[in-house]
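Asker: please work out how this folds:
(2 chains)
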Amino acid sequence: MLDLKLLQNNFEDIAKKLRKKGLKEDVLKELKRLFITLKEQRAKLEALQAKKNEKSKLFPIYKKEQKDISKLKKELDEIKESIIFEQNEVNRLEKELEEYALNIPNIPDDEVPEGKDEEDNIEIKRVLTPKEFSFEPKEHWELAQELDWIDFKRGVKLAKSRFSVLKNGAAKLERALINYMLDFNTKRGFSEVCVPYIVNKDSMLGTGQLPKFEDDLFKIEDEKLYLIPTAEVPLTNLYRDEILKEDELPILMTSYSACFRKEAGSAGRDTRGIIRQHQFDKVELVSITKPEQSDEVFDKMVECASDLLTSLALPHRLVMLCGGDLGFGATKTIDLEVWLPGQGKYREISSVSNTRDFQARRAKIRYKEGKKNRLVHTLNGSSLAVGRTLIAIMENYQQEDGTIAIPEVLKEYL
RNA sequence: GGACAGGUGGGUGAGCUGGCUGAAACCACAUCCCUGCUAAGGAUGCGUACUGGCAACGGUACCGAGGGUUCGAAUCCCUCCCUGUCCGCCA
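Answerer: Residues are numbered from 1 along each chain as shown, chains lettered A, B, ... in the order given. Next up is the predicted model:
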């Protein structure tokens, strides 16, 4: 959520920055108006409440002195009536304000480039050079079918489209990759955590999936619970409504989880293979930091994911997302895209974002600095999407005879 | 899922025959004093959010959540959520 006080005081600045994300200024104007109106309305209400409290305190005194209380009672009744009226007004404004505020995206950093969509993202650097194949490299789904590694048809039978079943080498590689990634991240100082895959509404609100993106989530009927779209949700919400100690920070975590996404709006995209599934495995990094630590930790997370790819000898590039492509809660995002020789393209395999205090404000994650409570910064990033890593290995390590070589570092995990 | 017992500040835990309780006491924590050594004693401070004020210091709300009764609720009533114990079920 936006800092509404900041919006009140630096309206022009924030409006300008949010233009980068394609947000209309009218929305911000209305938000500011609501915020100020609510403040005034609250002051009115509180004055009445103060009066009520003061008068109510007279009752025991009157009783003691055996004075008549009926007049006082009548007075209070009138005050009460106006309180109810003003209270309703406050409630109405609060609801309206919340609806507005929760739907406004985070403010992009200054270094985030202008742009509309992924076309305008900026490549920062490339790591490793794609190798030349002496034959025509195949796409992962072709390889998977020939090797009997992935059963697409039966996945659909079990659930629906965009579900599949990993078998044989794919199943083993998937498991090896998860273990390897967790170990790798742990060595980099991220402590391993194992979280629930189902969370409640408050958690989804805390990290910003709700209220705006309900359509992207799998909801459990009659339970008011949701399947997580990423381990970022439970990991970040671990500290929701908590006040941390300063010396606990930064908290660096890594977790493997299955992720569930409805993929609303991506009909027709990546329908072949397992690039875009409703359920996929991911090893996630989440950090909770002091504000002044978050840039450094951000770099550390990007480096961790990139080094992980390098350790698997997978060519990739780093891309800075432009304003239009930036996610709802992020101030800055770097995507890692891995080279897929079968497709002849770089494809997203990791996304590292700094949300600064955006999630922290929603989720009320603070820490004590001296006597003051300050909002923390929260960061998240994949390290890595496991299914896509599997694809990358299949396509990059394929051999002329149709078999897949095994990356050196994974050998001890198989 | 059924029965009973509970949910109070960082923790333990009073209050729960309605007003003197935003909340005792103890512990933890912070600062200071004393003392001098592996420990003790004393003083003060110590919830959160919003809000007024340069500040000192005030105001409002919050005792699981949401409603209700009342001039007034942590305290009474209702609904929901959660925890514990026992039973049932189960990896």
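Asker: for the stretch 151-300 of chain A, just list every one of the helices.
Answerer: All helices of the stretch 151-300 of chain A, identified by DSSP state H, counting those that start in this stretch, fall at A:152-158, A:168-187, A:201-207, A:232-237, A:294-311.
Asker: can you pull the contacts of the residue lying closest to residue A:218 once chain neighbours are set aside?
Answerer: If the residues on either side of it in the chain are set aside, residue A:218 comes closest to residue A:227, at 4.1 Å by Cβ to Cβ, 6 or more residues apart in numbering. (Glycine included, C-beta is placed from N, CA and C.) The contact partners of residue A:227, by Cβ atoms under 8 Å, 6 or more residues apart in numbering, come to A:197-198, A:217-220, A:260.
Asker: who in the stretch 51-200 of chain A is up against RNA strand B?
Answerer: A:52-57, A:59-60, A:63, A:73, A:76-77, A:80 (Cβ under 7 Å from any atom of the strand).
Asker: grab the nearest non-local neighbour of the residue in the stretch 151-300 of chain A positioned nearest to RNA strand B.
Answerer: As assessed by Cβ to the nearest atom of the strand, RNA strand B sits closest to residue A:243 within the stretch 151-300 of chain A, at 6.2 Å. Nearest non-adjacent residue to residue A:243, counting by Cβ to Cβ, 6+ apart: residue A:366, 4.9 Å away.
Asker: just checking, the residue of the stretch 151-300 of chain A closest to RNA strand B touches residue A:367?
Answerer: Yes. Residue A:243 is within contact range of residue A:367, at 6.5 Å (criterion: Cβ atoms under 8 Å).
Asker: neighbour count: those two, which is higher?
Answerer: residue A:367 (24 against 13; other Cβ atoms under 10 Å).
Asker: what helix or strand is the more buried one located in?
Answerer: Element membership for residue A:367 (DSSP states H and E) is strand A:365-369.
Asker: and that strand, does that touch RNA strand B?
Answerer: Yes. Under the criterion of Cβ under 7 Å from any atom of the strand, RNA strand B is reached by strand A:365-369 at A:366, A:368.
Asker: please enumerate residues in contact with the helix or strand following that strand?
Answerer: The C-terminal neighbour of strand A:365-369 among helices and strands, as given by DSSP H and E, is strand A:372-375. Here strand A:372-375 makes contact (Cβ under 8 Å, 6+ apart) with A:243, A:290-291, A:357, A:360-361, A:365-367.
Asker: buried ones in strand A:372-375?
Answerer: Neighbour counts over strand A:372-375 (16 or more other Cβ atoms under 10 Å) mark A:374-375 as buried.
Asker: state the mean pLDDT of it.
Answerer: Per-region confidence: strand A:372-375 scores 88 on mean pLDDT.
Asker: again with stretch A:318-337
Answerer: Mean per-residue pLDDT for stretch A:318-337: 97.
Asker: sounds good, over and out.
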